[in-house]
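In: A structural model of the following input is requested.
(2 chains)
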Amino acid sequence: MMVSQKNSQDTAKQGLTIAVAGNPNAGKSTLINAIAGSRLYVGNWPGVTVEKKSASFDYGGREISLVDLPGAYSLSPYTQEEVIARDYLVKERPDVIINVVDATNLERNLYFTLQLLELGIPMVIALNMADEAAQKGFRIDADKIASILGCAVVPTVATKKEGLEHLMETAVSFAVEPGEHSPGFISYGEDIEQALLPIADALKNHPEVLAGRLPLRWFALKVLERDERVLDDYAVDADAPQIEKAVKHLKAAHGEDQEAHLADTRYGLAAGLTREALKKPEIRKKELTERIDSVVLNRYLGIPVFLAAMWLIFKLTFDIAGPFTDWFDGVTSGPLSRWAEALLLMAAAPDWLISLVVEGVIGGVGFVLAFVPPIFAMMFFITLLEGSGYMARAAFVMDRMMHAIGLHGKSFIPLLMGFGCNVPAVYATRTLENPRDKALTALLIPLMSCGARLPVYVVFVGAFFASQAGTILWSLYVLGIAMAVMMGLIFKKTLFRGEAPVFIMELPPYRMPTVKNLLIHTWEKGKHFLIKAGTYILAVAVLVWFLLNLPWGVENKQDSYLGKIGQISAPVFAPLGFGTWEASASLITGVIAKEIVVSTMAVVYTPDAQGDKEEAVPSFGEDLRETGVSFAGALREAATNVFSTFGIATLSTEEEEGAEGLRTIIAQAFTPLSAYAFMVFVLLYMPCVIVLIAMRHEFGTWKWAGIAIVYQSVLAWTAAFIVYQGGRLLGL
Amino acid sequence: MTLADLKPGETGKIVKINLEGALKRRLMDMGVVGGTQVRVEKIAPMGDPIEVRIKSYALSLRRGEAKSIEVEAGSV
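Out: Numbers count the residues shown, from 1 in each chain, chains lettered A, B, ... in the order given. You can find the predicted model right below:
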């Protein structure tokens, strides 16, 4: 049954493909970062949002392309990641597989190894975390594993870059002469082998096998297991008499379920191999992980520890990011705008162009930059939580509660972060593996009242509810959470009807993530946001400029396109108590970011407010100096915030300048009831454009963003309607 | 008896998984196969899911699934 196609015809080619495969938490990511370093390219696998890391480089005169496969427990795929890993291995057939095996968890890793070997691709095992295994007193006979499996075994410590050179040398030498290094034959026992022979015979003339694109043994095994994807992909009739006859004996001896029988067999072999190759100390010491878990997962302490950790991360994310956001804002709206204006004036540019560049383009850039600090900070902490092993514990602690509304334990963290800013929260959903959990979580995030909605509340609460400010604010946050619970239950029964994904999750040992890994992941996410999302946001900012300023030269904002749209859409809001063009225009611009509702109101309600803005214009040199000084200030402030996290300053309720004037006007334009209905509407209505773009970016489709727009608009209108009309009925 | 009946600290041996299809295969891929020793380590603060030690690693699963895993109590 030894099958080794493809090998001969490829030896001549120069480029070699090395696939890095392995169980999750085996240290694959660290290993590939250590090997490829800055040559690593991070993208997505086609059509899905699973991260794809790859690197191309020269190694001893050969062009190597290194591909990191998503972590997998099995080649009978269950998760999206596993489907990708298997499809790649089967369809792309790399020249060699580097199989990263966690030396401290040999048996389960060897189970996966056996599945990889079925593919007939030369394999080098990186016996990783060799130091940790040694520390536990494990003695692993690498040569024995190598000789039994017919592959090479190289002990490595990826975190310390040990053994990696030898690993690469071996892998390349295997890839160069694949014929010499085909994996050995491992018998799955008399019964299975007897059944495989006629199946292989029936499949051997399949065009894919003849073309050398499909390893026959693997193919026969999958047909025996009745793997649906394989049967579909290669149009195999598993009930054909020849195949049926072959499995008859197997069925008689082991029951109907061949898949389970094969899993049993593979685990039996993995267990046997582990017994032969691994010597463990007689008495198992209580490991550090278990000692930490006895506190972190403790019945009484588990939840408080989790909440404390979340509070700390929330504070750190938004407190570190805050000063830098302000700095970006200050630089783009200050010096950058002034220089651009000066340059354009020198070039005798028309007024409208100056306004477009300064308010539209530079304003838009400033807007994009403002989101970079929190996204960087958020991704840093998410990576830290995942890399350290705590993320799985967080899911374990919170799953019961989240499961009740159809979510996964891991959904809690993105939702919580939503209170700071929905945008990094949407990116944080990448910690959820299952696409269903991920989409549902992302749909509920916008109901978490983010920091940008606070300025709107502050103005309205200040105008109407100054005496019960706390209660009113609190009621809005609670309303958002209640709506999330309700929508979660509704979505579970409608959009996501059907089998809820289960919770079968490894709790990996705690490990210290390497700084390099943390930085690479953080940087990659921030970079993607800047480039991909940045472009869209810029376009939207320019569009809004057009709406607000065209036709060019409008004196009264009511006559601008925005004003016209406001007038047309105002009747929609009449039943909610705020059917004025000013209110609807503010809500429209608020789609860019909800705090803009306030600044638009300042413009539309107070047409002459722009009056005397004469101020001393700083020189270019002063500007430069000021920019540097303010950056240093931002650094200092971020650092202080880290240490003074105990001061509640995150959701600073500072008001915009001139807010007092606005408050007076609003006190006349709204009633307390319509003001509350307006706040409810602002809380619930469609997410801001940046959130939508983040959703598009994270899911690779506009579908979820579209659903969010529709359901939230309906929800917001209905809720505000109930508040306003209900309040009127009650005589408020 | 099932895995859900074991209390923290108790050990059992997997007898059978009373599930079908992908879910059963997943559990088997994670090492929940007949004859394997399993020990319940912890129950989450809110009562679900549970943590078990199997094949020398820590696995967590919900009670719902644990109820479908038949075990033989005791041993070792």
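In: every contact and neighbour count from this point should use C-alpha atoms.
Out: Noted.
In: show me which residues of the stretch 51-200 of chain A sit near chain B.
Out: A:73-74, A:78, A:105, A:107-108 (C-alpha under 8 Å from any C-alpha of the partner chain).
In: check which element follows the helix or strand that contains A:Trp327 along the chain.
Out: Using DSSP states H and E, A:Trp327 sits in helix A:302-331. The element immediately downstream of helix A:302-331 (helix or strand, assigned by DSSP H and E) is helix A:337-346.
In: list phi and psi for A:Asp58.
Out: With angles defined as degrees, to the nearest 10, A:Asp58 sits at phi -90, psi 130.
In: list the contacts of it.
Out: A:Asp58 sits next to A:Ile64 when contact means C-alpha atoms under 8 Å, 6 or more residues apart in numbering or on different chains.
In: the lowest-mean-pLDDT helix or strand in chain B near chain A at all?
Out: One helix or strand of chain B scores below all others by mean pLDDT, DSSP states H and E: helix B:21-29, with a mean of 91. Yes: judged by C-alpha under 8 Å from any C-alpha, helix B:21-29 comes into contact with chain A at B:22, B:25-29.
In: select only the buried ones of these in ChimeraX?
Out: Typed into ChimeraX, the next command selects the buried ones out of those (criterion: 16 or more other C-alpha atoms under 10 Å in any protein chain shown):
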select /B:25,26,27,28,29
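In: ok, the residues of helix B:21-29 next to chain A vs A:Thr325, which is closest?
Out: Lowest distance from A:Thr325 to the residues of helix B:21-29 next to chain A (C-alpha to C-alpha) belongs to B:Arg26, with 44.8 Å.
In: hmm, the closest one is touching A:Thr79, no?
Out: No: contact criterion C-alpha atoms under 8 Å: B:Arg26 and A:Thr79 do not qualify, at 9.5 Å.
In: on that earlier part again, quick check: the two most widely separated of the residues of the stretch 51-200 of chain A next to chain B?
Out: A:Tyr78 and A:Asn105, at 20.8 Å, using C-alpha to C-alpha across those.
In: residue ranges for the strands of the stretch 1-150 of chain A, please.
Out: A:16-22, A:40-44, A:51-59, A:62-68, A:96-102, A:123-128, A:139-140 (DSSP state E, counting those that start in this stretch).
In: so which of those strands comes closest to A:Val478?
Out: It is, among the strands of the stretch 1-150 of chain A and with distance given as C-alpha to C-alpha, strand A:51-59, at 35.2 Å.
In: orientation of the closest one relative to strand A:40-44 in degrees?
Out: Between the axis of strand A:51-59 and that of strand A:40-44 there is an angle of 150 degrees, by axes from the mean of the first three to the mean of the last three C-alpha atoms, to 10 degrees.
In: what residues of strand A:51-59 count as buried?
Out: Buried, per 16+ other C-alpha under 10 Å, within strand A:51-59: A:51-56.
In: which among those gets closest to A:Gly661?
Out: Of those, the one sitting nearest to A:Gly661 (C-alpha to C-alpha) turns out to be A:Glu51, at 49.8 Å.
In: if we ignore the residues flanking it in sequence, what's nearest the closest one?
Out: A:Asn44 (4.6 Å; C-alpha to C-alpha, 6 or more residues apart in numbering or on different chains).
In: what separates the one you found from A:Ile64, distance-wise?
Out: Using C-alpha to C-alpha, to the nearest Å, A:Asn44 is found at 20 Å from A:Ile64.
In: between those two, which one's more packed in?
Out: The neighbour count for A:Asn44 versus A:Ile64, taken as other C-alpha atoms under 10 Å in any protein chain shown, is higher for A:Ile64 (18 against 13).
In: once you drop chain neighbours, what's closest to that one?
Out: A:Ile64 sits nearest to A:Leu16 (C-alpha to C-alpha, 6+ apart), 4.9 Å away.
In: state the distance from the one you found to A:Tyr88.
Out: With C-alpha to C-alpha as the criterion, A:Leu16 and A:Tyr88 are 15 Å apart.
In: when the two are compared, which one has more neighbours?
Out: Counted by other C-alpha under 10 Å, A:Leu16 and A:Tyr88 do not tie: A:Leu16 has more neighbours, with 21 against 15.
In: now A:Ala252: how far from A:Asp237?
Out: A:Ala252 is 21 Å from A:Asp237, by C-alpha to C-alpha.
In: neighbour count: these two, which is higher?
Out: A:Asp237 (13 against 9).
In: any stretches of chain B with poor pLDDT?
Out: In the predicted model of chain B, residues B:75-76 satisfy pLDDT under 70.
In: same thing but 50
Out: Across chain B, nothing is flagged by pLDDT under 50.
In: who in it is up against chain A?
Out: B:22, B:25-31, B:33-34, B:42-49, B:55-62.
In: return a PyMOL selection command for the buried portion of these.
Out: The PyMOL command for the buried members of these (criterion: 16+ other C-alpha under 10 Å) is given here:
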select buried, chain B and resi 25+26+27+28+29+30+31+33+34+42+43+44+45+46+48+49+55+57+58+59+60+61+62
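In: from the residues of chain B next to chain A, which land in helices?
Out: B:22, B:25-29 (DSSP state H).
In: got CSV for the residues you listed, with distance to A:Tyr536 too?
Out: Listed next are those as CSV, based on distance: C-alpha to C-alpha, whole Å:
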residue, distance to A:Tyr536
B:Ala22, 40
B:Arg25, 43
B:Arg26, 40
B:Leu27, 43
B:Met28, 45
B:Asp29, 43
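In: closest to A:Arg39 among those residues?
Out: B:Asp29 (34.0 Å).
In: what about the closest one, distance to B:Thr2?
Out: Counting by C-alpha to C-alpha - B:Asp29 and B:Thr2 are separated by 19 Å.
In: what does the helix or strand harbouring A:Val572 contact?
Out: If you go by DSSP H and E, A:Val572 is part of helix A:561-573. Under the criterion C-alpha under 8 Å, 6+ apart, residues A:546-551, A:557-558, A:578-585, A:588 lie in contact with helix A:561-573.
In: let's see it at 6 Å
Out: A:547-548, A:557, A:579-581, A:584-585 (C-alpha atoms under 6 Å, 6 or more residues apart in numbering or on different chains).
In: over to stretch A:495-509?
Out: A:289, A:389, A:392, B:58-61.
In: and it, how far from the chain's centre?
Out: 17 Å (C-alpha atoms, centre = their mean, to the nearest Å).
In: kindly report the same for stretch A:135-144.
Out: For stretch A:135-144 - counting by C-alpha atoms, centre = their mean - the centre lies 36 Å from the chain centre.
In: same thing with stretch A:175-194?
Out: Going by C-alpha atoms, centre = their mean, where stretch A:175-194 is centred and where its chain is centred differ by 38 Å.
In: now the terminal residues of it, how far apart.
Out: 32 Å.
In: how about stretch B:53-70?
Out: Start-to-end, stretch B:53-70 (C-alpha to C-alpha) is 16 Å.
In: ok, now stretch A:201-220?
Out: 9 Å.
In: quick one: low-confidence residue ranges for chain A.
Out: In chain A, residues with pLDDT under 50: A:1-12, A:608-615, A:645-657.
In: name the nearest residue to the residue nearest the centre of it, sequence neighbours excluded.
Out: Residue closest to the average C-alpha location in chain A (C-alpha atoms, centre = their mean): A:Arg430, at 2.1 Å. Of all residues not flanking A:Arg430 in the chain, A:Lys438 sits nearest, at 7.1 Å (C-alpha to C-alpha, 6+ apart).
In: in which helix or strand would I find that neighbour?
Out: helix A:435-444.
In: and the helix or strand just after that helix, what does it pack against?
Out: Later in the chain than helix A:435-444, the nearest helix or strand by DSSP H and E is helix A:454-464. Helices and strands touching helix A:454-464, as assessed by 3 or more C-alpha pairs under 6 Å, 6 or more residues apart in numbering or on different chains; DSSP states H and E, are absent.
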